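A.B. asks: Provided below are the primary sequence and the corresponding predicted coordinates.
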Amino acid sequence: MKPLFRSDKNWERMLGIIQSWMGTPYKHLTMVKGRGADCTLFIGACWKEYGIITKVEYDYYPKQWHIHTNEEKVVNSFNDHWNKYRNPKYHFEVLPVEEPKKRGDLLAFSNTSQNVTNHASIYIGDIGRGRMMCHSIQGRGVSYFPYGSYWKRKMVNFYRVMEEG
């Protein structure tokens, strides 16, 4: 197994998909390019378009669900999608948060006192403005954002897509 986005060809294809979502406004429980996406559905849509997963399903969840629970809805949904809908030629590696990041990595964060994962992004890497990630966030929509000390402190989960060969 090797990291899927180690290949420049694979990364350029994924980066094109990510960039096609740029400017899409943040909208809770939405996954429509140019119209609205929340953080996890934006990532799910990108993976589906690439072919990493074959389907994205989601149940209703309140906008502020993470404030009143210890339930790992984001992580559980991610694992459920991976187990049900992944393309069999891909595999996920769960890595320690201290591990160096590589382009295409899925980063998951907690902004809650109970440390519940409630936000996700795709690591882009150094694009001339320092280390960047891409996410859909309220007030900015799908956009690049510096992967700095704030986000490093908030990261609780870290995944890398691997491919056979």
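C.D. replies: Arrived safely, thanks for sending. Quick caveat, the model's predicted, so the values are computed rather than measured.
A.B. asks: Need the per-residue pLDDT for the nearest residue to Met155 once chain neighbours are set aside.
C.D. replies: Counting by Cβ to Cβ, 6 or more residues apart in numbering, Val97 is the residue found nearest to Met155 once chain neighbours are left out, at 4.9 Å. All C-beta atoms are positioned from the backbone trio N, CA, C, and that covers glycine. We have a pLDDT of 93 for Val97.
A.B. asks: and if you look at Asn157?
C.D. replies: For Asn157, the model assigns a pLDDT of 91.
A.B. asks: Not including adjacent chain positions, what is the nearest residue to the residue nearest the centre of the chain?
C.D. replies: Geometric centre of the chain, nearest residue: Ser121, 3.9 Å, by Cα atoms, centre = their mean. Excluding the flanking residues, the one nearest Ser121 by Cβ to Cβ, 6+ apart is His135, at 3.6 Å.
A.B. asks: Just to check, the one you found is in contact with Ile124?
C.D. replies: No: using Cβ atoms under 8 Å, His135 is not in contact with Ile124, being 10.1 Å away.
A.B. asks: Among these two, which residue is more densely surrounded?
C.D. replies: Legend: neighbour count by other Cβ atoms under 10 Å for His135 and Ile124, higher for His135 (25 against 22).
A.B. asks: What segments of the protein are helices?
C.D. replies: 8-20, 39-50, 73-85, 149-154 (DSSP state H).
A.B. asks: re the thing from before, who are the neighbours in contact with the residue nearest to Ser121?
C.D. replies: Residues in contact with His135 (Cβ atoms under 8 Å, 6 or more residues apart in numbering) are Cys39, Phe42, His119, Ala120, Ser121, Ile122, Val142, Ser143, Phe145.
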